[in-house]
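Enquirer: Got a predicted structure here, sequence first:
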Amino acid sequence: MSFNKFYGEISTNWGSCMRISDLRIAGNNITGSLPPEIGNATQLGAIDLSFNGLIDAIPREFGNLTSLVNLNLSKNQLFGKISPKIVLLPGLQKLDLSRNRLSMSIPQTIRLSSKLIHLDCINNQLRQDIPRQLGMLTHLSELDLSRNLLSDEISAQFNKLENLAKINLSHNNLSGLIYETFKDMQGLMEVDISHNKFEGLIPNTTAFQNETKEAFEGNNGLCGNIGGLEPYISSNNILLDSEYKAHVFDFGTAKLLKLDTSNWIAVISTYGYVAPEIAYTIKVMEKCDVYSFGMVAIEVIRGRYPGVSISSLLAPVGMEISVAFRNILDSRLPTPTSGIEDKLADHLQACSRLLIY
């Protein structure tokens, strides 16, 4: 009866049809609430009421449909929470609740839908975190939780979703290190984690490396060899601030160069740290990163960006080293002992020479 011009509300009499196996009335003008009596038709294997105007909550009585394999209630106006009973059906393989107004959290009882292959909840108002129990659905192949209000980090339990081929978590408030979450998902073919708060290195798996930058945009803390992201970041580019929080210092041109050849790239560096000649040429050489390293090293010693006063870092001959350091060292730190002071002076002189290398 799908995709016709039926209208009105669903009759409660469907609950008396004890031998009915399929109920498909998608793509009509059906309105009103879902009758709880449908939960009495325990032989139902498939329900498709998508593309209608159904309202109200999904009756918890649907949890009595122990023979249900496919439940599609997408593209309606259903609201309220997802009843824990609905997602503990042992034979359920496909659950599509997308494009409704469902809220609250994803029930932890979803772990009992052990045969679930397809879960689609896109464009609802689901909140809180993604329950770690979802990572117990080892048969799950497609997962779409995009365009919700989900937050917090994703449990390490997700690494057990070995059969997951397609995942979309875009347009949420999810956070955490993306590498730890997805590093073991070797079967992934499609991924979209855009517009969240993920951080860290992009996993070096086929799905992640083949995606375009649109699949990752909107996450300010991501890095990796993806077009549009900072491609050459490694642990050598990470510095800690006074609270031991990691920051990326992007030298921009850090890469291995083939000797005895010309290497040309576009300027992708952080201005103020890149060698001045990069502003006039796109030829890459070892001097580029030498200059950048010197700038960052001096910033560590001074506690602030060196700015245009690089020449002042070189103490005039005959000047007491303690006098020179008075205007150079980070004033927030204790005055170094004489032994440390001498070593810092040597380092500062060496770093300053790097800037005119």
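Expert: Ah, there it is.
Enquirer: quick one: what helix or strand has the residue nearest the centre of the chain in it?
Expert: In the chain, the residue lying closest to the centroid (CA atoms, centre = their mean) is residue 198, at 3.9 Å. Using DSSP states H and E, residue 198 sits within strand 197-201.
Enquirer: now for that strand, which elements pack on it?
Expert: Contacts defined by 3 or more CB pairs under 8 Å, 6 or more residues apart in numbering; DSSP states H and E place strand 197-201 against strand 173-177, helix 178-182, strand 221-223. Where C-beta positions appear, they are placed from N, C-alpha and C, glycine not excepted.
Enquirer: what's the angle from the first one to strand 197-201?
Expert: What it means is strand 173-177. Relative orientation of strand 173-177 versus strand 197-201 (axes from the mean of the first three to the mean of the last three CA atoms, to 10 degrees): 20 degrees.
Enquirer: What are the contacting residues of strand 173-177?
Expert: 130, 149-154, 193, 196-201 (CB atoms under 8 Å, 6 or more residues apart in numbering).
Enquirer: Just the buried ones among these, please.
Expert: 130, 150, 154, 193, 196-201 (16 or more other CB atoms under 10 Å).
Enquirer: Now for these: which two are most distant?
Expert: Using CB to CB, the buried ones among the contacts of strand 173-177 span at most 22.3 Å, a distance reached by 150 and 201.
Enquirer: what's the closest of the helices and strands packed on strand 197-201 to residue 40?
Expert: Across the helices and strands packed on strand 197-201, closest to residue 40 is strand 173-177 (CB to CB), at 39.0 Å.
Enquirer: which residues of the stretch 201-350 of the chain score low on pLDDT?
Expert: In the predicted model of the stretch 201-350 of the chain, residues 227-229, 231-293, 305-327 satisfy pLDDT under 70.
Enquirer: rerun at 90
Expert: The model of the stretch 201-350 of the chain has pLDDT under 90 over residues 201-206, 209-213, 220-350.
Enquirer: Can you give me the separation between residue 15 and residue 146?
Expert: 34 Å (CB to CB, to the nearest Å).
Enquirer: before we move on, what about residue 85?
Expert: Taking CB to CB, one finds residue 85 at 25 Å from residue 146.
Enquirer: Please identify which of these two sits among more neighbours.
Expert: With neighbours defined as other CB atoms under 10 Å, residue 85 and residue 146 compare such that residue 146 has more, 23 against 18.
Enquirer: Could you look up the SS state of the more buried one?
Expert: coil (DSSP: H, G, I helix; E, B strand; the rest coil).
Enquirer: any idea of the pLDDT on it?
Expert: At residue 146, the model reports a pLDDT of 97.
Enquirer: Likewise for residue 107?
Expert: 93.
Enquirer: And for it, the neighbour number?
Expert: Using other CB under 10 Å: residue 107 sits among 20 other residues.
Enquirer: Next, it: phi, psi?
Expert: phi -60, psi 140 (degrees, to the nearest 10).
Enquirer: For the nearest residue to it once chain neighbours are set aside, list the residues it contacts.
Expert: Closest residue in space to residue 107, ignoring its immediate chain neighbours: residue 84 at 4.1 Å, by CB to CB, 6 or more residues apart in numbering. Residues near residue 84 by CB under 8 Å, 6+ apart: 63, 107-109.
Enquirer: So residue 84 lies in a strand, does it not?
Expert: No - counting by three-state DSSP, residue 84 is not part of a strand but coil.
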